[in-house]
Structure formats: C-alpha cells, structure tokens
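> need a structure here:
(2 chains)
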Amino acid sequence: AQTVTQSQPEMSVQEAETVTLSCTYDTSESDYYLFWYKQPPSRQMILVIRQEAYKQQNATENRFSVNFQKAAKSFSLKISDSQLGDAAMYFCATQGGSEKLVFGKGTKLTVNP
Amino acid sequence: SAVISQKPSRDICQRGTSLTIQCQVDSQVTMMFWYRQQPGQSLTLIATANQGSEATYESGFVIDKFPISRPNLTFSTLTVSNMSPEDSSIYLCSVELRGGKFSGANVLTFGAGSRLTVL
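From the prediction side, this is the model:
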C-alpha cells in the first residue's frame, strides 16, 4: 500500500520569497513516481513537477524544484520567487507499479503581496 | 496534451435525487478516471472507466451508487444516485497526459471538476 503525508495544512509566503512544502510518503514499490499537483481556486488541477524515483537528480521546472530524499521518503517542493498566481492547494502524490495514484491531503498556500 | 470539459461545473441538488456529470475529452483516450474530493480532503479514486467494458470500482464505491458510462473514447458520464448530504463533493474527471514535457504513463490531467451540494 502507498501513503502520502503532507504535514502542513496551510502555508503562507510573501511575494518574491521562497517557500518549501513538505511531503513524506511510503511505498513498497521499488520503482515509482512522485508528483506535485497544483489546484488553484478555479479547481483545474495542474501537474507542477514529476520525479522518477530511480533518478538521483532533483527535478526542476522553472521556479519549482524538489528536494527528493529517497532514503527518508521525503519529497518537498520549493517555490522560488513566489508570485500571487502561485496561491493554490498543492497536492503531493505517488504512484508505483500497478498501484493507483495516491494523493496527500494537500497544503493550502497563500501568497501575500 | 488533452483538454477536458466537465459539466455541470456546479449544482445544488435535493436529497434523494440523482445527477449525471459529463466529461468530454478533445482526444481519444483509453482510460478515464473519476475522482471525488470531499470538502477539505484529498482526491479519492472512485473508478476507472474503459471504453467497451464495465468500469472498475475502488473499495468503498459501488456501481449502484455511482454508475458510469463510457460509450466512446472521448466521453464518459458519472451518475451520483440517490444523493445525500454526504455526497456533497467536487467530482473530477481525469485522463492520462500524453506528450509534452510530462509524457508517459500515470501522469494525469484533470477537468475543472463538478461541485455538487446536496441539501
């Protein structure tokens, strides 16, 4: 079975600053993927970043990067130079083998001007 | 990448009634997924809909309560039957994303969701 834990129900950041969202997971699969999804108030879920577990290099997408610590089963998301449009719910998720995609409970990010 | 259209975007329903949610994709896809997002909660997979076969339901979800149709490779419906206030949720349709920087299996793109409120 797979589980995903996001320990921060809410976070806030000042515009232009950096924020890190935490995520820990558990899986029995040896080959799996990790994801961060963003859900703005309009509710359209958007994939922000994806990490293959077999890759040691942390994934990066523009201002978004991850800190993937495989041994610790940690997968945090760092947002640099935060913008007002980054305000959303962020969901961490994992999927491996024949298992279904499993989501965490989400972190609500507020960006203060 | 696929564009997913869902309707209705929101609705207020009376207890005991049923509502059908439609999901239209702008390209042919093998599998379509229906998720439920209860207030303040994460996404929970209801079922996987394959064209030409019965939907596969996850534990805790049954066909009588959530019948699904998948008449072709671009369309699916989810019906929430005999609704109660506990069914008040956002229901999301999703498909696997193909192409682009996130190409590959198990990368889902979602519709905007249908917010149901049951009184």
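> CA only for contacts and neighbour counts going forward, please
Will do.
> what about residue 15, how many neighbours?
All of this refers to chain A. By other Cα atoms under 10 Å in any protein chain shown, 17 other residues sit near A:Glu15.
> nope, chain B please
16.
> Now name the helix or strand holding it.
Remark: B:Arg15 resides in no helix or strand, with elements defined by DSSP states H and E.
> so who does it touch?
By Cα atoms under 8 Å, 6 or more residues apart in numbering or on different chains, the residues touching B:Arg15 are B:82-85, B:118-119.
> Strands along chain B, start to end?
Ranges of strands in chain B, per DSSP state E, are B:4-7, B:10-13, B:19-25, B:31-37, B:43-50, B:56-57, B:68-72, B:75-80, B:89-96, B:108-110, B:114-118.
> TSV for the contacts of B:Arg15, including neighbour count?
Below are those laid out as TSV (neighbours: other Cα atoms under 10 Å in any protein chain shown):
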residue	neighbour count
B:Asn82	15
B:Met83	21
B:Ser84	17
B:Pro85	14
B:Val118	18
B:Leu119	14
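> would a markdown table of those with pLDDT and distance to chain A be doable?
Output for the contacts of B:Arg15, formatted as a markdown table (pLDDT from 0 to 100; distance: Cα to the nearest Cα, whole Å):
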| residue | pLDDT | distance to chain A |
| --- | --- | --- |
| B:Asn82 | 97 | 25 |
| B:Met83 | 97 | 22 |
| B:Ser84 | 96 | 23 |
| B:Pro85 | 95 | 21 |
| B:Val118 | 96 | 19 |
| B:Leu119 | 95 | 22 |
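> Dump the residues you listed to CSV, plus distance to A:Thr94.
Below are these laid out as CSV (distance: Cα to Cα, whole Å):
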residue, distance to A:Thr94
B:Asn82, 33
B:Met83, 31
B:Ser84, 31
B:Pro85, 30
B:Val118, 31
B:Leu119, 35
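> now stretch B:30-40: how far from the chain's centre is it?
Computed by Cα atoms, centre = their mean, to the nearest Å, the chain-centroid distance of stretch B:30-40 equals 5 Å.
> Stretch A:58-75 too?
That offset, for stretch A:58-75, works out to 8 Å (Cα atoms, centre = their mean).
> Just the C-alpha atoms of it, please, in CSV.
Taking only C-alpha atoms (Å, rounded to 0.1, in the frame of the first residue of the first chain), the coordinates of stretch A:58-75 have been written out as CSV:
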residue,chain,number,x,y,z
ASN,A,58,16.2,16.5,-8.3
ALA,A,59,13.6,17.6,-10.8
THR,A,60,13.3,21.3,-11.6
GLU,A,61,10.7,23.3,-13.6
ASN,A,62,11.5,27.0,-13.7
ARG,A,63,10.8,28.4,-10.2
PHE,A,64,9.7,25.0,-8.9
SER,A,65,12.1,22.4,-7.6
VAL,A,66,12.0,19.4,-5.4
ASN,A,67,14.2,18.0,-2.7
PHE,A,68,14.0,14.3,-3.1
GLN,A,69,15.4,12.3,-0.3
LYS,A,70,14.7,8.7,-1.2
ALA,A,71,16.1,7.0,2.0
ALA,A,72,14.0,9.3,4.1
LYS,A,73,11.0,9.0,1.7
SER,A,74,10.7,12.7,1.6
PHE,A,75,9.7,14.8,-1.4
